[in-house]
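> Could you look at this predicted model? Sequence included:
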Amino acid sequence: MRTRTKSFLFTSAATLSLILAACSSPETGSDMSADTEASTETYAAADAMPAAATPDAPRTNAFWWPEQLDLTQLRMNETTRSNPLGEDFDYAEAFMSLDLDAVKVQIRELMTTSQDWWPADYGHYGPFFIRMAWHSAGTYRTWDGRGGAGGGQQRFEPLNSWPDNGNLDRARRLLWPIKQQYGEAISWADLMILAGNVAMEDMGFQTLGFAGGREDDWQAELVYWGPEADMLASQRYDENGQRLERPLAAAQMGLIYVNPEGPNGVPDPLLAAADIRRTFNAMAMNDEEIVALIAGGHTFGKAHGAHDPNECTGPEPAAAGVEAQGLGWENSCGTGNGADKVTSGLEGAWTSAPTRWTHQYLQNLYNFEWVQTRSPAGAIQWVPADTEAAMIVPDAHTPGEFETPVMFTADLAMREDPAFREISTRFLENTEEFEAAFARAWFKLTHRDMGPRARYLGADVPAVELLWQDPVPAVDHPLVDDGDIERLKSDILGSGLTVPQLVRTAWAAAASFRDTDMRGGANGGRLRLAPQNSWAVNNPEEIATVLASLEQIQGDFNDAQTDGTRISLADLIVLGGAAAIEQAASEAGHDVAVPFAPGRTDASAAQTDTESFALLEPHADAFRNYLGDDHSRGPAARMVDRADLLSLTVPEMTVLIGGLRALDANTGGAAHGVFTDRPGTLSNDFFVNLLDMSTRWQPTDAEYVYEGVNRQTGDVTWTATEVDLVFGSNAELRAVAEVYAFGDGEDRFVADFIDAWTKVMQLDRFDL
């Protein structure tokens, strides 16, 4: 194997240090659609260039101090700085003005208009567009909700230059005329998925539907894609090679799913089955969905391995020269395209009609005996034992020539693994069931990261409500008005529930939200349901007490209404937090109103996928000074990650930490970081006392716990965690903390806290 040294993302070792510091989470696959990257070539990224790439290249702080807390993730939440469309641009409004049918007609025409610079296989770009859509969506993973089609991240590094995404840069260039024509009315993120859907329908498959609403990102996300320094390496399993490091899903660096040749190139279908199951499960797919996706996806198109990628292909897009204009993998063999295309090194099609929907994939899987062989590029694949009788696949570019169908090791897993075999034989015998399963699985694959159905836009949104969409009931009653709200707040505050109890409960409900896949949040009132009502971070016993009181208030109020007005428990939980904060601010001398918008409803247990919601459980929540048993990353790094999931900026994270400490919102009533002698009052005491030089901090025997000692008396004044002290030790965080500790800073602190609190409470209010 020849190792080619490339800079696939990083232009210097200093930049590498920055990215690794930002993405130092210890917690993602190969193409299961038309073309898979199976090359075993190693891309050495970390040492691609010397530390100082140019004489004037600045060294980042992360180069000198790699352990310093990196806040880059949160700075990226200030999206308007990079968005050329401006903060007032309304994508939903722009998309809904689009003539979607006209766009689909143009995509269909484009798909059958082959271009000389990149000729279409079989005269149809449909399979190519399916692969593009699949790879755009297929990075989604359940553990942290990152990845997926949202944002159109396939346009940016590292995804743009992953080996598994070879030549997909050309798929997007083919679509550019349509994107250029419709401009801001359709995002790249939506257009890529739409093109995959239109491709399937043009080739004869009826999809479940399509939803728009994915806004484009304007820069690469900082996502931890794995610990490896080399592309296609795999260092993400436990010592037994069984469990994937969380939150990763893909089997190797730079793959979407798994190596189609088998784990690390070992052609064993049963080992491949285990790899496939681990990976797809971590991407929210069960066994039936796995078989449906692989069998359905491999009905279309072919893989490309006419030549050895090591001998023919140039650098990936990120490493190519400016003259390449963002294209990579320039092919120097033969014509460089058409019959000479090189992507994965695997070569061939699965069926005799690669641009039509058929059931041939499953038929061929079982009708032929498959023997191991190698592609022209040397990749391991499988062909029928009787090759003369199997010359049924037309050549993609030369009329009158035929080849045998192929299977990969990952395909044979669908036959050899007992569970997969039961499903694939059932699909073979019940084709309508297979088609329905594939339609649903494809829709889930391409829409899983969009969150609830309330975010779906367009006339092609299917009417069906699916459990993985985290459904909530529609509002079917009058909502509370301002007078009702004031009466309810009075009832809540008069119930005996304390400010800290109400704040902790509201935060537990709303802060389960994650901006990565738009899941969680207060809407649905799922805090009262399993599994959230038993999460350790939520103080289960206290939650039960608070919810019982709120349910009594809810019942009394609803029973007393004669006009049908109702309030949900979900709304009442958030309103309780607002009432508590108003009272806490009043005790500090501030007359404030916390915004509250009714309209949440209460989901039922039947509308809640407990297994899926279990993945939202915070194993660390710095806002409540909670750190679970997993200490694989320090609390401060976990705080930044948690704040990022809530789409917070650096000041928003800072003011929420300080305010929640003052409100005594720690899990279990812990005193760490509660730097005030008036807990439950919304004051800036956390910042004032943290920055007070009369306190000297020293570590304790407990991990990540410190004590503050009065410099004169030697008495212990406060205790704190790493999360608390980082706001004084990190220069960037200290600069923000100082603003809130100013002598006249409390007014700003209270206002900013309420703004940040309201943002978190409304993150899942897609109806607002």
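Thanks, I have it.

> Which neighbouring elements make contact with the helix ranked longest in the chain?
Among the segments of the chain that qualify as a helix by DSSP state H, the longest is helix 540-560. Here helix 540-560 touches helix 482-493, helix 499-510, helix 569-587, going by 3 or more CB pairs under 8 Å, 6 or more residues apart in numbering; DSSP states H and E. For glycine as for every other residue, the C-beta is placed from the backbone atoms N, C-alpha and C.

> Enumerate the positions of stretch 453-469 that are buried.
By 16 or more other CB atoms under 10 Å, the buried positions in stretch 453-469 come out as Arg453, Ala454, Arg455, Tyr456, Leu457, Gly458, Asp460, Val461, Pro462, Leu466, Gln469.

> Can you point out the buried residues in stretch 652-672?
For stretch 652-672, the neighbour count (16+ other CB under 10 Å) marks 652-667, 672 as buried.

> just to revisit the earlier point, show me the contact partners of the longest helix of the chain.
Here helix 540-560 makes contact (CB atoms under 8 Å, 6 or more residues apart in numbering) with 484, 487-488, 491-492, 495-497, 501-502, 504-505, 508, 527-528, 533-534, 565-569, 572-573, 576.

> Could you do stretch 713-731 as well?
Applying CB under 8 Å, 6+ apart, the set of residues contacting stretch 713-731 from outside is 68-69, 71, 622, 625, 627, 634-636, 639, 654, 657-658, 661, 671-675, 686-687, 689-691, 695, 697, 700, 704-710, 733-734, 736-737.

> same thing with stretch 365-376?
267, 295, 305-308, 345-348, 380-386, 390, 405, 407, 411-412, 414-415, 424-425, 428.

> Pull out the buried positions in it.
Leu365, Phe368, Trp370, Ser375.

> in the longest helix of the chain, what counts as buried?
Quick answer for helix 540-560 (16+ other CB under 10 Å): Glu542, Ile543, Val546, Leu547, Ser549, Leu550, Ile553, Gln554, Phe557.

> Look up how far Leu527 lies from the third one.
As defined by CB to CB, to the nearest Å, Val546 lies at a distance of 9 Å from Leu527.

> same thing with the fourth one?
From Leu547 over to Leu527 the distance is 7 Å, taken as CB to CB.

> Could you name every residue contacting both of the two?
Joint contacts of Leu547 and Leu527 (CB under 8 Å, 6+ apart) are Thr505, Asn533, Ile573.

> thinking Trp697 is in contact with Arg711, fair?
No. At 10.6 Å, Trp697 does not count as touching Arg711 under the criterion of CB atoms under 8 Å.

> So which of these two has more stuff around it?
A direct count of neighbours by other CB atoms under 10 Å for Trp697 and Arg711 places Trp697 higher, at 16 against 12.

> Retrieve the pLDDT associated with the nearest residue to Gly520 once chain neighbours are set aside.
Distance criterion CB to CB, 6 or more residues apart in numbering; nearest residue to Gly520, sequence neighbours excluded, is Ser512 at 3.7 Å. Listed pLDDT for Ser512 reads 97.

> Could you list which residues are in contact with Ser512?
Gly520, Gly521, Arg526, Leu527, Gln532, Leu616, Pro618.

> returning to what we had before: dump the helices and strands packed on helix 540-560 into TSV; add mean neighbour count and distance to Ala120 as well.
Shown next, in TSV, are the helices and strands packed on helix 540-560 (neighbours: other CB atoms under 10 Å; distance: least, CB to CB, whole Å):
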stretch	mean neighbour count	distance to Ala120
helix 482-493	16	60
helix 499-510	26	49
helix 569-587	24	51
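
> which stretch among those comes nearest Asn160?
helix 499-510 (34.8 Å; CB to CB).

> Helix 540-560 and that closest one, what's the angle between them?
Angle of helix 499-510 versus helix 540-560, following axes from the mean of the first three to the mean of the last three CA atoms, to 10 degrees, is 90 degrees.

> ok so, going back, which one among the contacts of Ser512 gets closest to Gly166?
For the contacts of Ser512, the nearest to Gly166 is Leu616 (34.3 Å; CB to CB).

> Pull the number of nearby residues for that closest one.
Leu616: 23 neighbours (other CB under 10 Å).

> so what's Asp609 closest to, chain neighbours aside?
Leu467 (5.0 Å).

> quick one: that neighbour and Arg448, what's the gap?
Distance of Leu467 to Arg448, computed by CB to CB: 12 Å.

> Same check on Glu330?
Remark: distance between Glu330 and Arg448 (CB to CB) = 34 Å.

> These two: who's more crowded?
It is Arg448, of Glu330 and Arg448, that has more neighbours when counted by other CB under 10 Å, with 26 against 13.
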